[in-house]
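K.L.:
What would the 3D arrangement of this be:
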Amino acid sequence: MDKIKLAITGCMGRMGQQLIKTAKKDKSILLVSLTENRLIKKKVSGIVPELNTEKALNKADVVIDFTSPECTFEVLKIASKLKKRVIIGTTGFTKKEEQLIMKFSKKIPILKAGNMSLGINLLIYLTEITSSSLGNNYLSKVFEVHHKHKKDYPSGTALMLGKGVASGKNKDFYKMIGKKFLNKKNFPYGRKINFNSIRKGEVIGEHKVTFSSGKEVITLSHEAFDRALYSEGAITAAKWIMNKKQGLYSMRNLLNFK
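P.N.:
Numbers count the residues shown, from 1 in each chain. You can find the predicted model right below:
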């Protein structure tokens, strides 16, 4: 069986480095291209990193992108022209940018997830079920913790959890977004979904959704201890998308949650 030819963007970043490690261990993956937003003169895992160009990405079957929204769209423009599959782990997109990704997915297969771990995607699924079951008498809020280097907040995962709350109530998520707090010890529930983001140390990821009726509190939570969770999920997504037609997919599709 032919190996899947893989390109990794943002190869010098934290996730880029982790993706390289995971890809090198997988016998079904052949790492053919690494890119960065600046010139890197030394080899990385035997490959000289390039800028995001047609030449760099044309070598691959699938591109995995954990970078920034600006870089992601640079990659999508090239990938759509070359008809390459793309796995997006980048977060921090605006509503307008999300719609633009949807347009690109009409040309190529794209799997996009704010979090690639099995546990988190199960948590999102359970959040939808809980939100639907509890009804409107329960208020909700989302709490998350990440390392001090993470720039965007709330995290992509926290927003996915918020979407789970909204979806469970059959409401428009963007109309349900409440206040966004940063580094607060405590934060309130609201009729809309409030978010609190903590940035400290080297924490890989903690997420919590709570529902309160005023008489009881229900908590759903997940804690990640190893960044390999995300890179392994992304590599699994790269394998899965190989036989898919153009369209926008999620880890939920891969995991076959209803």
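
K.L.:
Centre-most residue in the chain?
P.N.:
Taking CA atoms, centre = their mean, the centroid of the chain lies closest to G114, which sits 2.0 Å from it.

K.L.:
That residue and L159 touch, don't they?
P.N.:
Yes. Look at G114 against L159 with CB atoms under 8 Å: they come within range, at 6.3 Å. Using the backbone N, CA and C atoms, a C-beta is placed for each residue, glycine as well.

K.L.:
intersection of neighbour lists for those two?
P.N.:
Common contacts of G114 and L159 (CB atoms under 8 Å, 6 or more residues apart in numbering): T91.

K.L.:
if I pick K244, what's in contact with it?
P.N.:
85, 109.

K.L.:
I'd like to know how far it sits from I87.
P.N.:
Distance of K244 to I87, computed by CB to CB, to the nearest Å: 11 Å.

K.L.:
now the stretch 1-150 of the chain, which segments are flagged as low pLDDT?
P.N.:
1 (pLDDT under 70).

K.L.:
Which residue ranges of it form strands?
P.N.:
In the stretch 1-150 of the chain, the strands defined using DSSP state E, counting those that start in this stretch lie at 4-8, 29-34, 62-65, 85-88, 109-112, 139-146.

K.L.:
Would you mark the buried spots in stretch 148-157?
P.N.:
150, 152-157 (16 or more other CB atoms under 10 Å).

K.L.:
Give me the residues contacting it.
P.N.:
With CB under 8 Å, 6+ apart as the test, stretch 148-157 has contacts from 14, 90-92, 114-115, 120, 142, 144, 146, 162, 180, 182, 195, 197, 199-202, 205, 207.

K.L.:
Helices - which of those residues land there?
P.N.:
Mapping these onto helices (DSSP state H) picks out 14, 120, 162.

K.L.:
correct me, but the first one touches R227?
P.N.:
In this case it means R14. Yes. Using CB under 8 Å, R14 is in contact with R227, at 7.0 Å.
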